[in-house]
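[1] Could you look at this predicted model? Sequence included:
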Amino acid sequence: MEIHNLSDYDLIKQYLGGNQSSFEFLINRHKSKVFSYILMVVKNRELAEDIFQDTFIKVIKSLHSGKYNEEGRFVSWVMRIAHNLVIDFYRKDKHLKTVSDDDTEVPLFNSAKYSDLNIEQELVVEQVHEDVKILVEKLPEEQKEVVKLRYYYDLSFKEIAEHTNVSINTALGRMRYAIINMRKLMEESKVDLVLNL
């Protein structure tokens, strides 16, 4: 079978069996999608290229150590790795900064209102984030995608519409239904997402 007809899973199997060109083909297949995500979040081409490279280095290491087992969802897995590396970059950047950016329009991870949480408060915030993740995963696929693109990747509704090949109204509608469904799920699960810090 020709290489372009192979699934991601088959390409991974071939790569792990020693076929380097299978992995190159796999990278090329998903390159624009992964790089676009990173670039949209960091808004700096050079930094995006560095994170993109680090993403695939981590992908290679994870594949060789047997950490990948999500058959058919390779690109979602790669996107999660890319997103985590972006978060890591901003966390590291926060610790290296000596000047606060609290007066900027978007205080990424260096805001004074988050910096003085005690251990108990940090645990509460962490638990709320975990609860939200669980609720998001229970949403229908289209709604889940919009929520993740909006809140995890910080895309505008215009960018979400372009990325998912739907109109802005459809993207907004999916978000609206996602919020309604999450409220219902919260009531059913008796989950409290209020932060009393």
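    Right, received. Where do you want to start?

[2] Where do the domain boundaries of this structure fall?
    For the chain, automatic domain parsing gives the domain ranges 1-113, 117-197.

[3] In JSON lines: those, plus mean pLDDT and mean neighbour count.
    Where you see a C-beta, it was placed from the backbone N, CA and C, and this is true even at glycine. Compiled in JSON lines, those are given as follows (pLDDT from 0 to 100; neighbours: other C-beta atoms under 10 Å):
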{"stretch": "domain 1-113", "mean pLDDT": "79", "mean neighbour count": "14"}
{"stretch": "domain 117-197", "mean pLDDT": "79", "mean neighbour count": "14"}
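
[4] Do a quick rundown of the helices in the protein.
    8-16, 20-42, 45-64, 74-96, 112-115, 119-137, 141-147, 157-164, 168-189 (DSSP state H).

[5] now the last one: how far from the chain's centre is it?
    Put simply, helix 168-189 sits 19 Å off its chain's centre (C-alpha atoms, centre = their mean, to the nearest Å).

[6] quick one, which of the helices of the chain is nearest to E2?
    helix 20-42 (10.4 Å; C-beta to C-beta).

[7] So which elements touch that closest one?
    For helix 20-42, the elements it packs on are helix 8-16, helix 45-64, helix 74-96, judged by 3 or more C-beta pairs under 8 Å, 6 or more residues apart in numbering; DSSP states H and E.

[8] gap between V146 and N165?
    Separation of V146 from N165 (C-beta to C-beta, to the nearest Å): 13 Å.

[9] looking at it, H83 is touching Y152, isn't it?
    Yes - counting by C-beta atoms under 8 Å, H83 does reach Y152; the two are 6.3 Å apart.

[10] sorry, back to before: Throw the helices of the chain into CSV and include distance to E2, thanks.
    Below are those laid out as CSV (distance: least, C-beta to C-beta, whole Å):
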stretch, distance to E2
helix 8-16, 12
helix 20-42, 10
helix 45-64, 22
helix 74-96, 19
helix 112-115, 51
helix 119-137, 36
helix 141-147, 30
helix 157-164, 28
helix 168-189, 35
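
[11] Excluding sequence neighbours, find me the nearest residue to S189.
    Leaving aside its sequence neighbours, S189 sits nearest to L135 (C-beta to C-beta, 6 or more residues apart in numbering; 7.5 Å).

[12] ok, the one you found - contacts?
    182, 185-186, 189, 191 (C-beta atoms under 8 Å, 6 or more residues apart in numbering).

[13] on that earlier part again, would you mind giving the helices and strands packed on helix 20-42 as TSV with distance to E141 added?
    Shown next, in TSV, are the helices and strands packed on helix 20-42 (distance: least, C-beta to C-beta, whole Å):
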stretch	distance to E141
helix 8-16	18
helix 45-64	23
helix 74-96	11
